[in-house]
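Engineer: sequence plus predicted model, see below.
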Amino acid sequence: MALKVTLVKSWAGRPERHRRTLTGLGLYKVNDERVLPDTAAVRGMVRQVTHLVICERVAGPHVPKPRRQHTAQA
């Protein structure tokens, strides 16, 4: 099993802890979706930001999407 997590509200004005949790889940912009493994760690992260995301169970294995490559600022 896997979890599909979608960011439905902006993280602007949210505490730093919530922002870091969303980054850890791989969610950066509104309507970003990630399919993540159904583990206790992921469920705990989703529970911290339930007011910002929608979480659905999906059948099948977790298929990771490539992470964004952040460019270094000069």
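Structural biologist: The structure has been received and is ready for your questions. Residues are numbered from 1 along each chain as shown.
Engineer: quick one, what contacts the residue nearest to residue 1 when sequence neighbours are not counted?
Structural biologist: Once flanking residues are discounted, residue 1 sits nearest to residue 38: 4.5 Å by Cβ to Cβ, 6 or more residues apart in numbering. C-betas here are computed from N, CA, C, even on glycine. For residue 38, the contact set (Cβ atoms under 8 Å, 6 or more residues apart in numbering) comprises 1-3, 57, 62.
Engineer: and these as JSON lines, adding secondary structure?
Structural biologist: Below are those laid out as JSON lines (DSSP: H, G, I helix; E, B strand; the rest coil):
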{"residue": "1", "secondary structure": "coil"}
{"residue": "2", "secondary structure": "strand"}
{"residue": "3", "secondary structure": "strand"}
{"residue": "57", "secondary structure": "strand"}
{"residue": "62", "secondary structure": "coil"}
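Engineer: can you select the buried ones among those residues for me in PyMOL?
Structural biologist: Per 16 or more other Cβ atoms under 10 Å, the buried members of the contacts of residue 38 correspond to this PyMOL selection:
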select buried, resi 2+3
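Engineer: from the contacts of residue 38, pick the one nearest residue 31.
Structural biologist: Set against residue 31, the nearest of those by Cβ to Cβ is residue 3 (16.7 Å).
Engineer: isn't that closest one right up against residue 58?
Structural biologist: Yes - taking Cβ atoms under 8 Å as the definition, residue 3 is a contact partner of residue 58 at 7.1 Å.
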